[in-house]
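1. Return a 3D structure for these sequence lines:
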Amino acid sequence: MEHPSLFLARAVLAFAGLLALVTPAAADEPLSLSAAVSAAVARSRSLDASTAAVQGAREMAVAAAQRPDPVLRLSLDNLPVEGPDRFSTTRDFMTMRSIALMQTLPGADKRRARGERYEREAEAALSERMQRVALLQTEVAQAWLERRMQEQRWALLQAQISEARVLVQTTEAALRGGRGSTADALNAREALAQLEQGLIGAQAERANARLTLARFTGGPPDQPLADPPPFRQSPAAIGLMDQLPDLAALQAREAVARAEAEVARQELQPDWSAEIMFSQRGSQFSNMVSVGVSVPLQWDRPQRQQRELAARLARVNELEAEREEQTRARVLQVQRWQQDWRAGQDRLAYLDAQRQPLATQRVGVALAAYRGGREGLGAVLQARRDALNLALERLALERDTAGLWAQLEYLIPDRSTGVKP
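-> The predicted structure follows:
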């Protein structure tokens, strides 16, 4: 029978081999926008910190609602220091060895208010966590879209370079055959050099875009991208303005301020303390028990406790005014995003229907004229440059429109990413 340690070693090696087979396949699987967002949320340490803040506030809510710890006091009272009984703890009738227990007794409403203050703090931390989730999802979506645009730009320049190389070969062959001109051959080479120079910058920007997205997802930088989502579809968050996490976070902070004001209101009532003390004297004397009650004297309540309450209430008014102002600005911002997103779709549709066919026709006409000897190569190169600029303009416009879609789509955290309080 095989030894258990050998069996365990074989199992570990087999599992490692399975991982070696599975990992490359996962790396080659196309990365969709939603998968990138989910991966970034799952590995975010910032969200872990927010979760810890929520847990800490909830723990404090329980602790704050409890009574203070009792106080144990040990004392030696009335010890003589002169005369024949000096330093004796038993011969003088006034000397006592005492043990006392004191307990402060805040009211139930005050303890409840203290606990509620941290409950509101936990809710505020949770709202701010959801705000971080929404911001993270938006950043990841923008990084995914940026990488997609850079990939498309790089592929477009590659295609243009391939066509430019064919044109260079054609002009040089015509020059060798005595049918072309040196100027055309030089112009073709210059156009190729410009494209190759542009490709260097596109390669660097594509690499940076890959690294940025990989920083969020934790995957390999060269993992291929899946097809994009339907950017023309109305974003899910439109119509849900009352659920925006940043506005919810402002409301939660306002609730914290109200809870702090309630604590200050409860502090107008002083906390009473009760104490019981047992005192032991010499064997020839009787022992004693003492009972006492203490209460703070709020001599200057208008200048202390009431001033603190007024300050807390002023803070509530401050946060309320800021929330209303930021809500107005936020609603306007989202409305402008919606308008710009719809306008971007219309511009893309117009470019595809009107400008793109014209640019293609112009290249075809210039090339036909060049082949027929009616035009020089310069017209062909200019038409191709204009077509390339139009294609790059379309990529940038599509990127901006998709970016606006992502801003609207991820205004509210996606619950399907497994985000839990």
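
2. hey, where'd the helices end up in the chain?
-> For the chain, the helices defined by DSSP state H cover 4-28, 33-43, 45-64, 108-176, 182-217, 245-266, 305-350, 356-371, 377-409.

3. list the helices and strands the second one packs on?
-> Meaning helix 33-43. If contacts are counted by 3 or more Cβ pairs under 8 Å, 6 or more residues apart in numbering; DSSP states H and E, helix 33-43 sits against helix 108-176, helix 182-217. (C-beta placed from N, C-alpha, C; glycine too.)

4. I'd like to know which of these is closest to residue 315.
-> helix 108-176 (12.9 Å; Cβ to Cβ).

5. Next, work out how far apart residue 153 and residue 147 are.
-> Separation of residue 153 from residue 147 (Cβ to Cβ, to the nearest Å): 11 Å.

6. Could you check which of the two is surrounded by more residues?
-> Shown here are residue 153 and residue 147; by other Cβ atoms under 10 Å, residue 147 has more neighbours (25 against 22).

7. picking that back up, ranking the helices and strands packed on helix 33-43 by burial, who's on top?
-> helix 108-176 (a mean of 19; mean count of other Cβ atoms under 10 Å).

8. when you compare where that one runs with where helix 182-217 runs, what's the angle?
-> Orientation of helix 108-176 against helix 182-217 (axes from the mean of the first three to the mean of the last three Cα atoms, to 10 degrees) gives an angle of 160 degrees.

9. relative to helix 45-64, how tilted is helix 108-176?
-> Using the same axes, to 10 degrees, helix 108-176 lies at 180 degrees relative to helix 45-64.

10. other SSEs contacting helix 108-176?
-> If you count contacts as 3+ Cβ pairs under 8 Å, 6+ apart, helix 108-176 packs onto helix 33-43, helix 45-64, helix 182-217, helix 245-266, helix 377-409.

11. Pipe the ones you listed into a markdown table and attach mean pLDDT and distance to residue 371 per row.
-> What follows is these, written out as a markdown table (pLDDT from 0 to 100; distance: least, Cβ to Cβ, whole Å):
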| stretch | mean pLDDT | distance to residue 371 |
| --- | --- | --- |
| helix 33-43 | 93 | 44 |
| helix 45-64 | 93 | 60 |
| helix 182-217 | 94 | 12 |
| helix 245-266 | 94 | 60 |
| helix 377-409 | 93 | 9 |
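
12. now stretch 399-413: how far from the chain's centre is it?
-> Relative to the chain's own centre, stretch 399-413 is displaced by 15 Å; criterion: Cα atoms, centre = their mean, to the nearest Å.

13. Contact partners for residue 116?
-> For residue 116, the contact set (Cβ atoms under 8 Å, 6 or more residues apart in numbering) comprises 61, 259, 262.
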